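Coordinates for the following, if possible.
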Amino acid sequence: MMKIAIIPARGGSKRIPRKNIRAFCGEPIIAYSIKMAIESGLFDKVVVSTDDQEIAEMARLYGADTPFLRPAVLADDHKGTNAVINHALSWFRDHGEVFDTACCIYATAPFLQVEYLREGLDKLEASGRSFAFSVTSFEFPIQRSLRITRQGFIEAINPEYIFARSQDLEPAYHDAGQFYWGRSRAFLQSDILFSEASVPVILPRYLVHDIDTLEDWRRAEIAFEVLRRSGEVKE
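Okay, here's the model as predicted:
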């Protein structure tokens, strides 16, 4: 069973310029994903898919392969991750390499840990499903969420749950944005990820940080430094 890790890393990030190679706690943020993928020993090949020469050079410095530059049409704000994975798998197939299983690992996932990557592969193989990916629980019951009306007042989105006890409400989860294991045929067929085709790998909330703004970045660095000192994250 041939397995490949594909790390998407386009050069044109807008909210945080040069986000994928920006220094995070002393190293380019993409370095953490590359090193974890290599350290895991789970992959026959670790590849960075990028449209940017500088990112490609940085990826090679940390041990990843960059056998192609991603076409510009796949490097804008509107192309989804699946199109990028599809392109990479198709490129290798056209060049004589076929992988049974692929794992998309985000370039901005410094909290990624080998144990959860391995759990994802184990769950994918044991379940017979198409995908296994990282999720985490919401810290507050989403059934009791609120909205602000156009008039500036508070309104319950689900008023029937306002007086329900938290422990009586169904737990809800969201995409943790770290990794997505999948069978290559499922990626190539663009099967639906958020469906019964997938099984979850549940991460603790302290390992999940969405990094979209500079404020997010700083908060994540503070959390990372604390967890690194305590031994909760391994580099």
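
quick one: low-confidence ranges for this structure?
In the predicted model, the chain carries pLDDT under 70 at residues 77-78.

buried set for the longest helix anywhere in it?
As assigned by DSSP state H, the longest helix anywhere in the chain is helix 214-230. The neighbour-count check on helix 214-230 (16 or more other C-beta atoms under 10 Å) flags W217, A220, E221, A223, F224, L227 as buried. No exception for glycine: its C-beta is placed from N, CA and C like everyone else's.

again with stretch 98-109
In terms of neighbour count (16+ other C-beta under 10 Å), stretch 98-109 has its buried residues at F99, T101, A102, C103, C104, I105, Y106, A107, T108, A109.

Let me have these in CSV, extended by distance to F68.
Putting these into CSV (distance: C-beta to C-beta, whole Å) gives the following:
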residue, distance to F68
F99, 15
T101, 20
A102, 15
C103, 18
C104, 16
I105, 18
Y106, 19
A107, 16
T108, 21
A109, 22
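
Point out the ones among those that are inside strands.
T101, A102, C103, C104, I105 (DSSP state E).

Next, work out how far apart the closest residue to Q143 other than its chain neighbours and R144 are.
Leaving out its chain neighbours, the residue that sits closest to Q143 by C-beta to C-beta, 6 or more residues apart in numbering is Y161, at 4.0 Å. Using C-beta to C-beta, to the nearest Å, one obtains 5 Å as the distance from Y161 to R144.

and for those two, which residues touch both?
L169 (C-beta atoms under 8 Å, 6 or more residues apart in numbering).

for the residue positioned nearest the centre of the chain, helix, strand, or coil?
What sits nearest the mean C-alpha location of the chain, by C-alpha atoms, centre = their mean, is Q178, with 2.6 Å. At Q178 the chain is in strand, as set by DSSP: H, G, I helix; E, B strand; the rest coil.
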